[in-house]
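[1] With the input below, show me the fold.
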Amino acid sequence: MAGRKPLPAAVKKIKGTLQKCRANPHEPRPGGQLGEPPEYMSDIAKEAWIYAVENAPPGLLSSLDASVLERWANCAGLYREALGKINRSGVAGMIIKTPSGILRRSPLMDVIRDLAQEMKGYETEMGFTPASRSRVRVPQDSVDKNDPWAEIAG
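    Predicted structure coming up:
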């Protein structure tokens with residue numbers, strides 16, 4: 001299908017662009033909180049998961065987003081491992097010598113590039129990049145819910 005991907009009503013509401021006449025009244029609204037990362041993930045991927053859950057704006061991620069977050073966290077874990085291998089080897093880790101004696105770029109450099117590109121797609125979908133985050137507005141916690149003037153002043 002041509003054109004932009006439709007945004008969920010929740011994202012439009014956060015951005016301030018929700019128009020009731022264009023909203024899908026039957027759009028599913030996922031609920032639930034994201035829990036702990038799956039046990040089978042690597043420790044580095046689990047760290048990425050926990051970091052994302054703890055630092056995401058409230059209400060941005062739900063339990064339905066677990067599979068996307070899992071793919072991102074696994075990519076982040078592999079990315080960090082590959083980058084760690086390159087960094088431990090220094091500049092020499094970026095260049096390898098083939099059995100025939102030819103110097104060429106390390107295959108890890110391609111892995112790092114591919115993982116970074118894949119992560120960028122997930123990050124954009126979940127609002128993790130500065131550009132995608134700039135289009136999202138979340139309610140401020142500092143607003144007093146009991147103040148009758150809060151809506152006018154804000």
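[2] Do you have the strands of this protein handy? List them.
    95-97, 103-105 (DSSP state E).
[3] most neighbours per residue, which of the ones you listed?
    When the strands of the chain are scored by mean count of other C-beta atoms under 10 Å, the highest mean neighbour count falls to strand 95-97 (a mean of 12). Heads up, the C-betas are built off the backbone N, CA and C, glycines and all.
[4] Output the strands of the chain in JSON lines, with mean pLDDT and distance to residue 36 appended to each entry.
    Shown next, in JSON lines, are the strands of the chain (pLDDT from 0 to 100; distance: least, C-beta to C-beta, whole Å):
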{"stretch": "strand 95-97", "mean pLDDT": "85", "distance to residue 36": "38"}
{"stretch": "strand 103-105", "mean pLDDT": "88", "distance to residue 36": "38"}
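[5] Residue 120 against residue 129, yeah?
    Yes - using C-beta atoms under 8 Å, residue 120 is in contact with residue 129, at 7.3 Å.
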